[in-house]
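> Based on what follows, work out the 3D shape:
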Amino acid sequence: MSTVHTSYTLINKARNLGDQDAWNEIFNFYQKYIHSLLYNIGLPQHDIEDVSQLAMIQLTKHIDKYDAERGRFRTWLSTMVKRIGYTSYQKQSNTNKTIERYRKSTEPSSNNRTQELDTKIRLEWEEFVYKKALHRIKSSFPDDALLIFELGMEGLAVDKIVARSGYSKSSVYTIRARVKKSLTEEIRHIIKEYDI
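Predicted coordinates for the structure are as follows:
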């Protein structure tokens, strides 16, 4: 098949008449050329066949846009194939980067940054569970009982809590123990509820 034949007669048949034989001839003639273009832009060998098929589909959709007066068919085809190849290469590259990023984030690592992130996530989760549990038990205790518990959790000495609250030392211990027990049970319920 000559280039002149390809540029005029065959392309016009494929464009104007939808001639299946003409399309088969175009596909057979340009298939190796398209593979070569895709290989030269750096597309991995295992992707070349798929992208080549995509190029052929685009060719069938856009062959009517080819203008022989503006240049040779091979130049027009090369531009289209390279554009599709580069787009596919970029998508593949971005996909690989995304997969690699997430794969690395799930691997155990001694990287301090990863450990810091894991620690931060764990601490945020624990704070969420604690606050949710405290909110749920709030209605079961008077405000001063929750205050006594919180002051104890902050490390305030029992004598100072007694002075601040007006409760006896034994009452402070009892209140703290009751709130702690209730809070611990509620934390367990939340953990079970969220199936963790």
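> can you pull out the helices in the chain?
Assigned by DSSP state H, the chain shows helices spanning 3-5, 11-12, 20-40, 45-62, 73-106, 112-137, 143-153, 158-165, 169-193.
> quick one, domains of the chain?
Domain ranges of the chain: 3-105, 112-193, per automatic domain parsing.
> distance between the first one and the chain's centre?
For domain 3-105, the distance between its averaged C-alpha position and the chain's averaged C-alpha position is 29 Å (CA atoms, centre = their mean, to the nearest Å).
> V162 contacts Y173, correct?
No. Look at V162 against Y173 with CB atoms under 8 Å: they stay out of range, at 10.0 Å. Backbone N, C-alpha and C define where each C-beta goes, glycine included.
> Would you mind listing where this structure has pLDDT under the threshold?
Applying pLDDT under 70 to the chain flags residues 1-8, 16-18, 92-114, 117-118, 120-121, 194-196.
> Next one: I26 from T87, what distance?
Distance of I26 to T87, computed by CB to CB, to the nearest Å: 22 Å.
> okay, now the closest residue to D159 other than its chain neighbours: neighbour count?
Computed as CB to CB, 6 or more residues apart in numbering, the closest residue to D159 that is not its neighbour in sequence is K169, at 7.6 Å. Neighbour count of K169, defined by other CB atoms under 10 Å: 11.
> what's the answer for the one 5 residues further on, then?
As a burial measure, T174 scores 14 neighbours (other CB under 10 Å).
> now do I41
By other CB under 10 Å, neighbour count at I41 equals 14.
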